[in-house]
Structure formats: C-alpha cells, structure tokens
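Chemist: Kindly return the folded structure for what I paste below:
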Amino acid sequence: MANKHRPAITARDLQGLKYFKLLGPLLDRLHTDATRRDRAGNRLLHYDQYAGLLLLAFFSPLVDSLRGIQQASGLAKTQKLLGCQRAALGSLSEASRVFDPALLREIIGSLVTQALPQIQGREAEALRGLTAVDGTLLAALPKMAWALWVDDDHRAVKMHLHFDVLKGVPVQATVTAGNASETVQLRATLQPGRLYVMDRGYAEYQLFQDIIDAGSSFIGRIRDNAVWTVIEERPVSAAAWTAGVRSDRVVMLGGDKSGAVFKQAVRVLEVETGKTDSQGRPEVLLLATNCLDLEAEYVALGYRFRWTVELFFRWFKCILGCRHLLSTCANGITIQLYLGIIASLLISLWTGKKPTKRTLEMLNFYFTGWASEEELQAHIDGLQRQDS
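Modeler: Numbering: from 1, shown residues only. Below you'll find the predicted structure:
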C-alpha cells in the first residue's frame with residue numbers, strides 16, 4: 001500500500017512554543033559543538049537548534065518523522081524561537097552523526113537535580129538512593145549492521161537505564177547494540193550513594209561486590225539454585241511477614257569458587273510474591289542485599305519498586321514514541337533517546353508528577369492549539385491537587 005498523504009504542517013499546528021523558551025539556557029551550551037571543523041563558518045544547523053527541533057517532535061503529534069521535522073523548521077514561529085533556518089534533510093542527517101550526545105547527559109543531570117521526590121516518609125528514608133536498573137530493546141533496521149542482536153535480519157538497539165525510584169525520573173542511560181551485556185554496562189556506570197535494585201539478569205556475584213566497592217548498595221534477585229553458608233538466621237517480624245518475607249539470613253553467598261569474590265557477608269531473603277507457579281505452588285523470590293540493617297519488609301518493598309523502570313519503558317516507547325528511530329547510526333539514536341529522556345524530565349518538572357499518557361495528550365492539545373494555556377494549567381493544577 002502507498003503511504004497515506006499527510007497534510008502540511010502549518011504555524012497554527014504549533015501553538016505552545018512559549019514553553020520552549022524555558023529551554024534556552026539549557027540548550028545554549030550546545031551551540032558551539034562541532035563548529036571547530038567548520039572553519040568557513042558555513043554551518044547553518046547548530047546543535048541547540050537540532051535538539052530543539054527533535055524536542056518539538058515529542059510534543060507535537062504531527063511531527064513524527066525526519067521530513068516532518070524538516071517541514072517544521074521552515075515555519076516562521078519555529079525559526080524565530082530556535083534561531084534556525086529551514087533545515088535540509090542532508091543537514092539533519094549529518095547532525096545525527098557529528099554532534100556529541102555526551103553534552104545531553106550534562107543537561108539530563110541538571111534537570112534531575114531539580115526533580116522533587118514523589119515518594120516521601122519512612123519508605124523514602126529507608127530506601128534512600130533507590131535506583132532501578134534495566135535494559136530495553138528497540139527494533140532496528142536490518143541495514144543497521146552495528147546494531148547486533150539475533151541475526152542479520154533481526155537487529156536491535158538496547159538502552160541501559162538507571163531510574164531514580166523515589167523521584168520517578170531517569171537519571172542515566174547508555175545506548176548499545178542489542179546483544180551488549182547489561183552487567184558490563186552497569187559496572188561501567190556505577191555511582192556512589194545508590195541503592196541499586198536489579199532483576200535476576202544481573203545476578204553476578206562480582207557485580208554485587210563491585211557495587212559495594214563503588215560505595216553503593218544493592219537489592220538483587222538471585223537464581224533459585226544459589227548456594228550459601230548461613231551465619232545468622234534472623235527472626236521475621238510481623239511487618240516483614242505481611243510483606244511476604246518468609247526467611248531472613250545473613251550468609252556467605254556462593255560456593256568455594258563463586259563466593260570467593262565477596263569480601264563480606266550479605267543477606268538472603270525468601271519473599272513470596274502472592275502469585276503461584278505453573279504447578280500451583282507459591283512463587284518465592286530469593287533476594288540478596290548487603291543492607292544488613294535495613295528492615296526486611298523494606299528489602300521486599302525495594303525490590304517491588306523495581307517495576308517502576310518497566311513502567312517507564314512502556315511510557316518511553318509506546319506513549320512518547322521513542323521506539324520509532326529517526327536515525328540509523330548509533331550517535332544519532334543516542335541523541336534521540338537522550339532527548340526523549342529530557343522530554344520526560346521536562347514533563348515531570350512542569351507537572352510535579354511522573355509523565356502519563358493523559359498529560360502528554362494535554363500537552364499535544366496545547367501545542368497544536370486545541371487547548372488553551374489556561375486549560376493546560378488547570379490540568380497541571382488538578383494533578384498537583386491529587387497529592388494535597
């Protein structure tokens with residue numbers, strides 16, 4: 001079937017651009033990137049302008065392709081706001097290859113510091129620094145030879161994400177080929193002062209010790225056939241039992257060889273999920289942690305919070321639309337995904353809440369002129385009243 005013809009994007013379709021004025025101080029630092037090689041001063045599309053155009057695509061449903069971005073760049077409103085000229089497709093393609101994604105990490109870090117905790121009270125105090133880590137795949141074209149995954153016909157890009165559970169925002173990401181190791185990526189991006197929560201795919205004892213050596217802690221699911229030597233059998237409190245904890249032990253984890261990496265004892269907890277397996281037996285998880293003083297019920301709760309990163313992936317790919325890749329090179333895809341994270345952070349900062357489909361729809365209505373600024377503000381006020 002032939003592609004359905006799409007109507008031209010007009011200035012009336014891009015109404016809410018005043019919000020983008022708030023990005024000026026953040027994006028200004030990008031302007032001079034990749035200009036040293038342009039000794040003749042011929043560059044027409046600068047990094048801050050390119051980033052602004054891609055961010056515009058996240059907030060306007062009509063702009064969903066490289067040609068749509070090119071068309072939006074030709075509008076007087078867009079040009080006045082971003083200080084750009086109409087961008088040629090060749091310039092947009094070149095931009096994805098020459099600009100430095102690392103500069104966007106600095107902007108992400110700046111925005112993260114402004115985000116306020118969504119979870120407070122005793123839970124937040126007990127689980128300070130809780131950071132869920134996981135990876136997600138985005139389908140790539142077969143011609144993207146660098147995006148190795150299953151075979152030549154099944155390529156994929158993988159985004160490795162650190163998600164601050166208490167703030168409800170992503171804090172760090174790396175982009176690799178689909179077959180890249182998640183444990184290697186986590187080891188390379190460890191930060192001090194974090195409480196990392198991980199699923200069974202990260203159950204590598206050396207990684208656990210590396211987290212401790214980096215000045216952080218962990219809660220991780222280990223495999224059902226894990227072995228250990230019990231040092232202390234701890235009583236399970238009523239609160240922990242209610243949270244599903246069935247046993248709590250201080251152990252030397254691993255056998256003679258696998259356990260040799262540990263420099264200290266850790267805890268292993270058996271936690272029922274409330275579900276049953278295929279044979280009707282209660283599903284029990286084995287959770288390991290080096291937090292010897294953390295109440296057992298908070299260890300179980302910390303692991304349950306791991307699912308917040310899965311919910312973010314659903315938002316990021318299915319609602320924000322980041323599974324539709326605008327570039328075929330690793331550099332360009334990294335820029336797009338980092339800007340998707342920035343868009344998510346902006347929504348969180350504008351609303352004081354985690355981004356949702358309803359909020360993105362309201363922003364889309366606003367940016368396309370269907371909703372007034374007063375109606376958008378009423379939606380934001382309504383979100384904030386829910387917590388008051």
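
Chemist: what helix or strand does the closest residue in space to residue 174 that isn't next to it in sequence sit in?
Modeler: Ranked by Cβ to Cβ, 6 or more residues apart in numbering and with sequence neighbours excluded, the top spatial neighbour of residue 174 is residue 160, at 4.8 Å. (C-beta placed from N, C-alpha, C; glycine too.) Secondary-structure assignment from DSSP states H and E places residue 160 in strand 155-164.

Chemist: circling back: which residues sit in contact with the residue nearest to residue 174?
Modeler: For residue 160, the residues meeting the contact criterion (Cβ atoms under 8 Å, 6 or more residues apart in numbering) are 133-135, 173-176, 180, 182, 185-186, 189.

Chemist: quick one, helices of the stretch 251-388 of the chain?
Modeler: Using DSSP state H, counting those that start in this stretch, the helices assigned to the stretch 251-388 of the chain run over residues 296-304, 307-314, 330-351, 357-367, 373-385.

Chemist: Mind giving me the packing neighbours of the last one?
Modeler: Counting contacts by 3 or more Cβ pairs under 8 Å, 6 or more residues apart in numbering; DSSP states H and E, the secondary-structure elements packed against helix 373-385 are helix 330-351, helix 357-367.

Chemist: For residue 51, find the nearest of these.
Modeler: Ranking the helices and strands packed on helix 373-385 by their distance to residue 51 (criterion: Cβ to Cβ) puts helix 330-351 first, at 6.0 Å.

Chemist: tilt between that closest one and helix 357-367?
Modeler: For helix 330-351 against helix 357-367, the angle between stretch directions is 90 degrees (axes from the mean of the first three to the mean of the last three Cα atoms, to 10 degrees).

Chemist: Helix 330-351 packs against which elements?
Modeler: Contact here means 3+ Cβ pairs under 8 Å, 6+ apart; on that basis helix 330-351 packs against helix 47-59, helix 89-98, helix 102-114, strand 155-164, strand 169-177, helix 357-367, helix 373-385.

Chemist: residue ranges with poor pLDDT in the stretch 1-150 of the chain?
Modeler: Within the stretch 1-150 of the chain, the stretches with pLDDT under 70 are 1-23, 36-42.

Chemist: For it, which segments count as helices?
Modeler: Using DSSP H, counting those that start in this stretch, the helices of the stretch 1-150 of the chain run over residues 24-27, 47-59, 66-73, 76-82, 89-98, 102-114, 122-126.

Chemist: most packed of these?
Modeler: For the helices of the stretch 1-150 of the chain, the stretch with the most neighbours on average is helix 47-59, a mean of 24; neighbours defined as mean count of other Cβ atoms under 10 Å.

Chemist: if we can go back for a sec, let's have the helices of the stretch 251-388 of the chain in a markdown table, adding mean neighbour count and mean pLDDT.
Modeler: What follows is the helices of the stretch 251-388 of the chain, written out as a markdown table (neighbours: other Cβ atoms under 10 Å; pLDDT from 0 to 100):
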| stretch | mean neighbour count | mean pLDDT |
| --- | --- | --- |
| helix 296-304 | 22 | 98 |
| helix 307-314 | 18 | 96 |
| helix 330-351 | 22 | 93 |
| helix 357-367 | 19 | 88 |
| helix 373-385 | 13 | 85 |
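
Chemist: now those helices in a markdown table, with distance to residue 75?
Modeler: Output for these, formatted as a markdown table (distance: least, Cβ to Cβ, whole Å):
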| stretch | distance to residue 75 |
| --- | --- |
| helix 296-304 | 47 |
| helix 307-314 | 32 |
| helix 330-351 | 20 |
| helix 357-367 | 13 |
| helix 373-385 | 20 |
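
Chemist: Looking at those helices, which is nearest to residue 91?
Modeler: Between residue 91 and the helices of the stretch 251-388 of the chain, the shortest separation by Cβ to Cβ is 12.8 Å, and it involves helix 330-351.

Chemist: The closest one: how far from the chain's middle?
Modeler: Once both centres are worked out by Cα atoms, centre = their mean, to the nearest Å, helix 330-351 turns out to sit 9 Å from its chain's centre.

Chemist: CA atoms only for that helix - export them in CSV, please.
Modeler: These are the backbone C-alpha positions of helix 330-351, laid out as CSV (Å, rounded to 0.1, in the frame of the first residue of the first chain):
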residue,chain,number,x,y,z
ALA,A,330,24.5,4.8,17.0
ASN,A,331,25.3,8.5,17.6
GLY,A,332,22.0,9.8,16.2
ILE,A,333,19.9,7.2,18.1
THR,A,334,21.7,8.1,21.3
ILE,A,335,20.9,11.8,20.8
GLN,A,336,17.2,11.0,20.1
LEU,A,337,16.9,8.8,23.2
TYR,A,338,18.7,11.3,25.4
LEU,A,339,16.3,14.0,24.2
GLY,A,340,13.4,11.6,24.9
ILE,A,341,14.7,11.4,28.5
ILE,A,342,14.9,15.2,28.6
ALA,A,343,11.3,15.5,27.3
SER,A,344,10.2,13.1,30.1
LEU,A,345,12.1,15.1,32.7
LEU,A,346,10.5,18.4,31.4
ILE,A,347,7.0,16.9,31.8
SER,A,348,7.9,15.8,35.4
LEU,A,349,9.2,19.3,36.2
TRP,A,350,6.3,21.1,34.6
THR,A,351,3.7,19.0,36.4
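
Chemist: by how many degrees do it and helix 102-114 diverge?
Modeler: If you take the same axes, to 10 degrees, helix 330-351 sits at 20 degrees to helix 102-114.
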